[in-house]
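1. give me a model of this one.
(one chain, ligands or ions: 1)
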Amino acid sequence: MSKVLYIQASPRQERSYCIKLGNSFVETYSKTHPGDEILTMPLFEKELPAFDGLAVRAKYTILHGQDHTSEELSAWKAVEAVIQEFKAADKYLLAAPMWNFGIPYRLKQYLDLIVQPGYTFSFSPEEGYKGLVIGKPLCIAYSRGGEYPEDSPADFQKKHLETIFGFIGFANIQSVIVEPTLAGGPETAQKKLIEAMRKAQAIAESF
Ligand SMILES: Cc1cc2nc3c(=O)[nH]c(=O)nc-3n(C[C@H](O)[C@H](O)[C@H](O)COP(=O)(O)O)c2cc1C
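-> Prediction:
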C-alpha cells in the first residue's frame with residue numbers, strides 16, 4: 001500500500017483550478033489504486049512553523065553540532081516534524097497556482113522548511129549536491145490566469161518547482177497545466193480545465 005501526499009497550495013479550495021485538477025487526479029487514482037492512502041495537505045490551513053531567525057540559528061547550531069538552547073532545539077524539532085511528514089510519503093501530488101509569476105508564499109514557506117541538508121539533500125566536496133528523496137514520483141497540477149509557453153522568461157512557477165524538487169532528488173516529475181484561467185474568460189477556462197483533467201486522469205492511471 002502506497003501513501004500519496006496531496007499538497008494543495010491554493011487557498012481557494014473548491015473554486016481553485018489546480019485543486020479541481022488535483023481532485024480529478026485523485027478520483028482516478030483511487031479507482032485504479034484501491035487500498036492506497038491519500039493524505040491531503042491544504043497548506044493554507046496547515047500550521048507551519050515559521051522559518052525565522054530562531055529556526056535558522058537552530059539549523060546552524062544543531063547541524064554543526066554546536067551548543068544550542070532548548071528554544072533552538074524545539075524550533076528545530078518543529079522543522080524536523082514537517083520534513084518527516086513529507087518524507088513519509090511514497091508518491092506526491094502538488095496543486096500549485098501561479099501567483100505573481102511564481103508560487104504562493106505558503107508553498108515557498110513549506111519548501112524552505114523541507115529543503116534541508118542531511119534530510120532532503122546532501123553535500124560533499126567529492127560528490128557535490130545529491131538529492132535524498134529518490135525513487136518517488138511527483139505530479140504537479142499547475143493553474144495560471146494567463147498563458148505561458150514552455151520557455152517563457154516570466155514563468156517562475158513551473159521552472160522553480162521543477163528545479164527545487166529535482167534538487168532534492170525527484171527524477172520522475174509529470175506535469176499538467178490549466179491555463180488561461182482568467183485571460184480567456186470563463187468558457188475558455190472551463191474548456192481548458194476539462195482538457196487538463198483528461199491528462200491528469202491519464203497520468204493518475206499509471207502513477
Ligand atoms: C495573488 C495572486 C497573484 C497572481 N499572479 C498571477 C500571475 O503573475 N500570472 C498569472 O497568469 N496569473 C496570476 N494570478 C491568477 C491565478 O494564477 C489564477 O487565478 C489561477 O487560476 C489561480 O489558481 P487557482 O484557481 O488554482 O487558485 C494571480 C492570482 C493571485 C490571487
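
2. which stretches of the chain form strands?
-> Using DSSP state E, the strands of the chain run over 3-8, 37-42, 91-97, 121-124, 128-131, 138-143, 173-178.

3. what comes up buried for the first one?
-> If I follow you right, that is strand 3-8. For strand 3-8, burial by neighbour count (16 or more other C-beta atoms under 10 Å) applies to 4-8. In this view, the C-beta of every residue, glycine as well, is placed from N, C-alpha and C.

4. what would the residues you listed look like in CSV with pLDDT and distance to residue 39?
-> Formatted as CSV, the entries for the buried residues of strand 3-8 read as follows, by pLDDT from 0 to 100; distance: C-beta to C-beta, whole Å:
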residue, pLDDT, distance to residue 39
4, 98, 7
5, 98, 5
6, 98, 7
7, 98, 9
8, 98, 11
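
5. for the ligand, state which of those residues is nearest.
-> Distance to the ligand, by C-beta to the nearest ligand atom, is smallest for residue 8 among the buried residues of strand 3-8, at 9.0 Å.

6. ok so, going back, columns distance to the ligand on top of the buried residues of strand 3-8, output as CSV?
-> Shown next, in CSV, are the buried residues of strand 3-8 (distance: C-beta to the nearest ligand atom, whole Å):
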residue, distance to the ligand
4, 19
5, 18
6, 14
7, 13
8, 9
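
7. output those residues in CSV; the columns should cover distance to residue 43.
-> Output for the buried residues of strand 3-8, formatted as CSV (distance: C-beta to C-beta, whole Å):
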residue, distance to residue 43
4, 16
5, 11
6, 11
7, 6
8, 6
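
8. which parts of the protein sit against the ligand?
-> Within the chain, the positions adjacent to the ligand are 10, 12, 16-19, 97-101, 143-146, 181-182 by C-beta under 6 Å from any ligand atom.

9. 8 Å instead, please
-> 10-12, 15-21, 95-102, 104, 143-148, 154, 178-183, 189 (C-beta under 8 Å from any ligand atom).

10. could I have the buried ones of these as PyMOL selection syntax?
-> What follows is the PyMOL syntax for the buried subset of the residues of the chain next to the ligand, where burial is set by 16+ other C-beta under 10 Å:
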select buried, resi 10+16+17+18+19+20+21+95+96+97+98+99+102+104+143+144+148+178+179+180+181+189
